[in-house]
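A.B. asks: quick one: sequence and predicted model below, then my questions.
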Amino acid sequence: MRNLIIILFLFFISSCASSRFVKPLDKKRQAVNVSLGGPLIAFKSITIPTPFLTATYGYGIDSTLTGFVALNVTSAIYGNLQMEAGAVKRLIRQRGHFPAISITPVANIIYRNKDAHKFYPQLMSMLTGSITKAEISFTLEYPTGLSWLIKEPLT
């Protein structure tokens, strides 16, 4: 049992990027996202973001589960299939000031040919919620970070 807990813990902290979706979409709702950016690299005498172009599609399977797939377009241009497929599952709905809890298992796949391919599993957990009527939303992703989204007051 102790070994299982250690393995799950190591799997749990293996996230290398933030989640594509932090909470599930409504049932049958679809979402498309295109993002540009990547890790910072040293280029000549300055540090710049790697120009990764990624396209993502998500589908609300039900009100607590969303499946998604993302394709790194920049890698595809250079002959590499680099994609991720996963889901976000809400485990606990927000109640008062207690945030919602979701998990996101993801399969990261890189393939060039039979001799050059990689598979990276990833698992994240998220706390998401809104506080106050001004809908100040927060997301705490473990292990990748904390983000805030402040929207207009609810009417």
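C.D. replies: Yes, it's here. Residues are numbered from 1 along each chain as shown.
A.B. asks: partners of the top strand by length along the chain in the sheet?
C.D. replies: Counting by DSSP state E, the longest strand found in the chain is strand 116-131. Paired neighbours of strand 116-131 in the sheet (DSSP bridges): strand 100-113 (antiparallel), strand 136-142 (antiparallel).
A.B. asks: show me the contacts for F119.
C.D. replies: By Cβ atoms under 8 Å, 6 or more residues apart in numbering, the contact set of F119 is 107-110. All C-beta atoms are positioned from the backbone trio N, CA, C, and that covers glycine.
A.B. asks: and the strands in the chain, which stretches?
C.D. replies: Counting by DSSP E, the chain has strands at residues 30-36, 40-43, 46-49, 53-62, 65-72, 81-92, 100-113, 116-131, 136-142, 145-150.
A.B. asks: buried sites along stretch 96-111?
C.D. replies: 99-104, 106, 108, 110 (16 or more other Cβ atoms under 10 Å).
A.B. asks: for I48, see how far away I41 is.
C.D. replies: Using Cβ to Cβ, to the nearest Å, I41 is found at 6 Å from I48.
A.B. asks: cool, and I103?
C.D. replies: Using Cβ to Cβ, one gets 34 Å for the distance from I103 to I48.
A.B. asks: low pLDDT regions in this structure?
C.D. replies: 1-19, 130-155 (pLDDT under 70).
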